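Sequence first, predicted coordinates after that:
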Amino acid sequence: MGLFDKLFKRNKDQEEQKQALDEGLKKTKEGFFSKISKAIAGKDKVDEEVLDEVENALVSADVGVETTVAIIDRIEKRVARDKYVGTSELNKILQEEIMSMLTAAPSNEFATFDVPAGKKPYVILVVGVNGVGKTTTIGKLAYNFKKNGKQVLLGAADTFRAAAVDQLTIWSERVDVPIVKKEMGSDPSSVAFDTVVAGIAKGSDVVIIDTAGRLHNKAYLMNELEKIHRVIKKKMPDAPHEVLLVLDGSTGQNALEQAKHFTASTNVTAIAITKLDGTAKGGVVLAIANQFKIPVKYIGVGEKLEDLQIFNKEEFVDTLFSLNP
């Protein structure tokens, strides 16, 4: 493939991702902008009543009370400073203030599906409750890393649920990557250890290990997760290199609660937010990015393998505020 062909393919891929993001945020945009339009109807300046309506719109989009209050406070200060702000400027002001807030949030270390030099294999431990799209996210991660030229190995350490191993096996076959697994009821930490050993032996670039759908009120499951950490470190002292928490964006505030419990119980280093295409609650991405000192690394905006995207703050905000939602 020539240089021109590679550039054309890259541009085509970027355009397809942008279209997927536009479509994935469609419901959030429709709900959000309809409320904003209602807030400014018949108004010629941003006053207290308009700000109340904007606040309601943000909360309805599941931006969260804490983040909403911070955004409204920024707008109030700006209105007071500029003396007169017309409602025609409101979208621009909102966009600028949200972007400013996200810029202050932790950033992704990588802009592509890549891994740091000197960490081979790069071990990712995936956590989250059942039903959030954890196994699907692992499959899509494997696909995208492989597409980026990486050798990937999966580990089925969710041995509490029979279907979990079967589902991950299906994904390994679908994206054509190897998997390490044992029978149901096996020691999860043993599976994790064997996966890391196999990853080293195979020369894998990325090892992705699934874990049980750990409920925040199940102390023994959290203890099991700590055990997995300890066992992995016996083989690779600096692993796992990433603990990825998967959250279901369509659950809105419940996703925030899960994030609070998991980040308090284990060393989460990155977050993936799934199912944004089926909800009007996409504002939860803003809430999570703002409230937790952990980068939102991936977002899921559709069913296709390519619809798990690296979270790009600029593109996300631009899409959310693009015209004609």
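Structure received.

Could you give the bridge partners of the spatially most central residue of the chain?
Residue closest to the mean C-alpha point of the chain, counted by CA atoms, centre = their mean, is residue 272 at 2.3 Å. Going by DSSP bridges, residue 272 is paired in beta bridges with residue 246, residue 298.

can you give me the strands for the protein?
Using DSSP state E, the strands of the chain run over residues 122-127, 152-156, 179-180, 206-210, 242-248, 270-274, 296-300, 308-310.

Work out the gap between the shortest one and the centre of the chain.
Taking the mean C-alpha point of strand 179-180 and that of its whole chain, the gap between them comes to 24 Å (CA atoms, centre = their mean, to the nearest Å).

Kindly provide the whole-number mean pLDDT of it.
Taken as a whole, strand 179-180 has a mean pLDDT of 98.

Can you give the strand pairings for that strand, parallel or anti for each?
Partners of strand 179-180 in its sheet, by DSSP bridges: strand 152-156 (parallel).

Please tell me how far the strand it pairs with is from the chain's geometric centre.
Distance, centroid of strand 152-156 to centroid of chain: 20 Å (CA atoms, centre = their mean).

before we move on, what about stretch 257-277?
The answer for stretch 257-277 is 8 Å, by CA atoms, centre = their mean.

Helices of the protein, residue ranges please.
3-24, 26-40, 48-60, 65-82, 90-103, 134-147, 162-175, 188-202, 219-235, 253-265, 284-291, 313-320 (DSSP state H).

I'd like the ones you listed laid out as JSON lines, including mean pLDDT.
As requested, the helices of the chain are exported to JSON lines (pLDDT from 0 to 100):
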{"stretch": "helix 3-24", "mean pLDDT": "64"}
{"stretch": "helix 26-40", "mean pLDDT": "77"}
{"stretch": "helix 48-60", "mean pLDDT": "86"}
{"stretch": "helix 65-82", "mean pLDDT": "88"}
{"stretch": "helix 90-103", "mean pLDDT": "85"}
{"stretch": "helix 134-147", "mean pLDDT": "96"}
{"stretch": "helix 162-175", "mean pLDDT": "93"}
{"stretch": "helix 188-202", "mean pLDDT": "96"}
{"stretch": "helix 219-235", "mean pLDDT": "86"}
{"stretch": "helix 253-265", "mean pLDDT": "85"}
{"stretch": "helix 284-291", "mean pLDDT": "88"}
{"stretch": "helix 313-320", "mean pLDDT": "86"}
